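> Below: sequence and its predicted model.
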Amino acid sequence: MTALLTVERLVRAVSPGGPSCLSSMTELAPAGGPQCAIAPAKFAMPRSALGTYAYERRYLDGELRQAVIVDSKQSQLNRAETALQQAIDDGHPLLGRLPRVEVTYQRGDTAEHYTDLTLPHRVFDAHIRAGTVEGDAVTAVPAYRAARDATAAAARALLELSPITLVYGGWDSSRAARQGRWRSILVGEVLGFCDTIETPKRGGARVDGVGMRVSLPGPVLKEIAETQRAELSSKTYDKVIKEAGKLAKGATASASMLGLGGIPPTLEQLAGVACDRIVRSHVLSFAALRQLRFGAGPEGDAACRAVLAALALNGLARSDAELCLRANCDLIEAGPTVVRIDQRGGQTDQLTPLDIAAADSLLAEALALAEAAAGLRWDGVALQVAGNPAIVAGAVDDTDSDE
């Protein structure tokens, strides 16, 4: 029999002597059936453009098995943040109150907005630190300085400026002194259990119905590149112009660099991995939350911790509802999500999994309690930052980079 996760239970969990963790586990399966291989997370390799998969040894049902990382811990947190940001962008009335730092870059007539939910280092991100607020450097703004100076024993400034950093972690690594190091209170991953550590390969090809090979003289290559110059990546444009310039008069070269012509089948791309079990798991640490103080006394501090726990669970409910990992990795839930909260001494209670509506209600109740017990106020964007125009002018896609 399962119990409901109420705000009262959450407050008890984040109070001294409470449970250590809440865990959530879901069995997944390939949407196309057990015969389908899936594409795990791909990781870069030194001096190689192909990438590879990450294999580890993990226990499953008491047996040490070969496993592949289907979605990493970092990726799972990013998906939860993205889900929260999407809800905010959609005008969610509760999540829209979440304090956040927003950086705005101007690209011509278009304004681009980024927040500490989408920037890689959250409130300590370089895009924030390089910006300005009403002409002043962000690093000199009192509210931002207070958040950077926050400690576990005095975390109120960070709670009011960027609570997402307290939930998903952050490291103020570039600071000369007093570097903030905040662990994530939520961790999770998706593992696939398999019988091999050999990275398989699959065939890839491109068919051009006009012609499998399109050869053009230098002047024509240059003309096509010039007409698309505003849209071509700088790397592609430079390559076309360079190759066209090498051609003797009347000579031709392949236009494949412009996407013209076909590519014969090659066995070079990473193939999928066959998995007999796929498991998604997350852990929310109440023990880590209990280390935080907000200057509101025992009851007020517990209420603030409960808000952070409810926010983490809200992001988890939203990201778990969207099994969208990557191409060739479409998954379905193969069984119900099992949520447990430990009760010390090896005992656990099983809880009813939170759907999005229940997670919203829990967060709303926790926030109301923190408002009453700790005077917490969440009113949306807490700091508007003007992005440094030099940064956006120098930004290129990684596909354009020679590094």
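Yep, it's here. Residues are numbered from 1 along each chain as shown.
> beta partners for Val68?
Beta-bridge pairing for Val68 (DSSP bridges): Tyr55, Gly192.
> Need the pLDDT of the residue nearest to Glu299 when sequence neighbours are not counted.
Residue nearest to Glu299 in three dimensions, not counting chain neighbours: Ala373, with 5.3 Å by CB to CB, 6 or more residues apart in numbering. Where C-beta positions appear, they are placed from N, C-alpha and C, glycine not excepted. We note a pLDDT of 98 for Ala373 in this prediction.
> what's the first-to-last distance across stretch 129-149?
Its start and end residues considered, stretch 129-149 measures 14 Å (CA to CA, to the nearest Å).
> which strands and helices sit next to the helix or strand hosting the residue nearest to Glu299?
Under the criterion of DSSP states H and E, Ala373 resides in helix 356-374. Other elements packing on helix 356-374 under the criterion 3 or more CB pairs under 8 Å, 6 or more residues apart in numbering; DSSP states H and E are helix 7-13, helix 297-320.
> what residue ranges in the chain score low on pLDDT?
Scanning the chain for pLDDT under 70 picks out 49, 200-206, 263-268, 396-403.
> coming back round to it: the helix holding Ala373: what's the following helix or strand?
strand 381-386.
> still on that earlier bit, just list the residues touching the residue nearest to Glu299, thanks.
Ala296, Glu299, Gly300, Ala302, Ala303 (CB atoms under 8 Å, 6 or more residues apart in numbering).
> So among those, which ones count as buried?
Ala296, Gly300, Ala302, Ala303 (16 or more other CB atoms under 10 Å).
> Nearest to Ser281 among those residues?
Closest to Ser281 out of the buried ones among the contacts of Ala373 is Ala302 (26.7 Å), distances taken as CB to CB.
> Greatest separation within the buried ones among the contacts of Ala373: which pair is it?
Longest span within the buried ones among the contacts of Ala373, CB to CB: Ala296 and Ala302, 8.9 Å.
> The stretch 101-250 of the chain: strands as residue ranges?
Counting by DSSP state E, counting those that start in this stretch, the stretch 101-250 of the chain has these strands, from start to end: 110-115, 132-133, 136-137, 170-171, 181-182, 186-194, 201-206, 215-217.
> Would you quantify the distance from the residue nearest to Glu299 to Gly295?
Using CB to CB, to the nearest Å, Ala373 is found at 12 Å from Gly295.
> cool, Arg277 as well?
Arg277 is 46 Å from Gly295, by CB to CB.
> do Leu28 as well
For Leu28, the distance to Gly295 - CB to CB - is 42 Å.
> Mind checking which of these two has more residues around it?
Comparing Leu28 with Gly295 by other CB atoms under 10 Å, the one with more neighbours is Leu28, at 22 against 15.
> hang on, the earlier thing: any idea how far Pro298 is from the residue nearest to Glu299?
10 Å.
> Kindly report the same for Asp276.
Taking CB to CB, one finds Asp276 at 49 Å from Pro298.
> rewinding a little: the helix holding Ala373 to helix 297-320, inter-axis angle?
160 degrees (axes from the mean of the first three to the mean of the last three CA atoms, to 10 degrees).
> Can you give me the buried ones in helix 356-374?
Buried, per 16+ other CB under 10 Å, within helix 356-374: 358-367, 369-370, 373-374.
> before we move on, what about stretch 272-286?
Gly272, Val273, Ala274, Cys275, Arg277, Ile278, Val279, Arg280, His282, Leu284, Ser285, Phe286.
> show me the contacts for the third one.
Spelled out, that is Ala274. Ala37, Cys194, Asp195.
> Tabulate these (CSV), appending neighbour count.
Shown next, in CSV, are the contacts of Ala274 (neighbours: other CB atoms under 10 Å):
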residue, neighbour count
Ala37, 18
Cys194, 21
Asp195, 11
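> Closest to Thr110 out of those residues?
Distances from Thr110 to these, taken by CB to CB, are shortest for Ala37, at 40.3 Å.
> tell me which element Met25 is part of?
Going by DSSP H and E, Met25 is in strand 21-30.
> Show me what the next helix or strand after that strand is in contact with.
Downstream of strand 21-30, the next assigned helix or strand under DSSP H and E is strand 43-45. Outside strand 43-45, the residues that touch it by CB under 8 Å, 6+ apart are Gly51, Thr52, Tyr53, Ala54.
> Okay then, goodbye and thanks.
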